[in-house]
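Q: sharing a model that was predicted from the sequence below.
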Amino acid sequence: MTTRPRFLPHPILSPLLTGLWLLLTNSVSPGQILLGLLLGWVIPLLTLRFWPEAITIRRPFTLIRYIGLLLYDIIIANFTVARLILGNPDRLKPVFIELPLDLTSSLAIGLLTNSITLTPGTVSARLSEDGRYLLVHALNENDPDNLIATIKDRYERPLREIFEQC
């Protein structure tokens, strides 16, 4: 297990929290910047004992591409779901699939389940006891095998590259 610096335990989370604070307050005044920096430093310190493992990002550029892809998928899925619902909702073909997981990191699995749920039209319903399968509900899917392949290719594979040894 790697040791984390005590003064700044999560060097990536701290600036993200600071940026999130500035977005939420919609201000870049010196006081808000200072408060954002303080929150970005204190929150990771106070929550350090809840993080079971040190976060190691093995491929930061893959993470940036992943975030962009996820945002793109969320936007496109919003329009697709709106079209499906406003069109003829009686023609929807909802389905539950069991997605076999190659991920082993709890962080990566958590990000995958959240990515699926954030994308309109799909919801992560349950993680198996052993963490090897994820039950996913899709609003409209004709080919469950295609949905599994899409999730594994677009979301699981990049998360595995980012957070795990491949």
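A: Okay, I see it.

Q: look at the most centrally placed residue in the chain and give its secondary structure.
A: Residue closest to the average C-alpha location in the chain (C-alpha atoms, centre = their mean): residue 111, at 3.3 Å. Put simply, residue 111 is helix when judged by DSSP: H, G, I helix; E, B strand; the rest coil.

Q: right, and it touches residue 160 too?
A: No - applying C-beta atoms under 8 Å, one finds residue 111 not in contact with residue 160, separated by 10.8 Å. For every residue, glycine as well, the C-beta is placed using N, CA and C.

Q: circling back to that earlier point, which non-adjacent residue is nearest the residue nearest to the centre of the chain?
A: Excluding the flanking residues, the one nearest residue 111 by C-beta to C-beta, 6 or more residues apart in numbering is residue 159, at 5.7 Å.

Q: how close does that neighbour sit to residue 146?
A: Separation of residue 159 from residue 146 (C-beta to C-beta, to the nearest Å) stands at 20 Å.

Q: list the buried ones in the least confident helix or strand in the chain by mean pLDDT?
A: Ranking every helix and strand in the chain by mean pLDDT, DSSP states H and E puts helix 13-25 at the bottom, with a mean of 89. Buried residues in helix 13-25, counted by 16 or more other C-beta atoms under 10 Å: 13-14, 17-18, 21-22.

Q: include distance to residue 152 when you put the residues you listed into TSV, please.
A: Formatted as TSV, the buried residues of helix 13-25 follow (distance: C-beta to C-beta, whole Å):
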residue	distance to residue 152
13	27
14	32
17	31
18	34
21	35
22	36
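
Q: re the thing from before, between residue 159 and residue 146, which is the more surrounded one?
A: Shown here are residue 159 and residue 146; by other C-beta atoms under 10 Å, residue 159 has more neighbours (22 against 10).

Q: which other helices and strands contact the strand or helix carrying the more buried one?
A: Mapping residue 159 onto the secondary structure by DSSP states H and E places it in helix 157-163. Under the contact definition 3 or more C-beta pairs under 8 Å, 6 or more residues apart in numbering; DSSP states H and E, helix 157-163 sits against helix 60-86, helix 106-118.

Q: got the angle for the next helix or strand after the last one vs helix 60-86?
A: In this case it means helix 106-118. Scanning forward in sequence from helix 106-118 by DSSP H and E, the next helix or strand is strand 122-127. Comparing the axes of strand 122-127 and helix 60-86 via axes from the mean of the first three to the mean of the last three C-alpha atoms, to 10 degrees yields an angle of 110 degrees.
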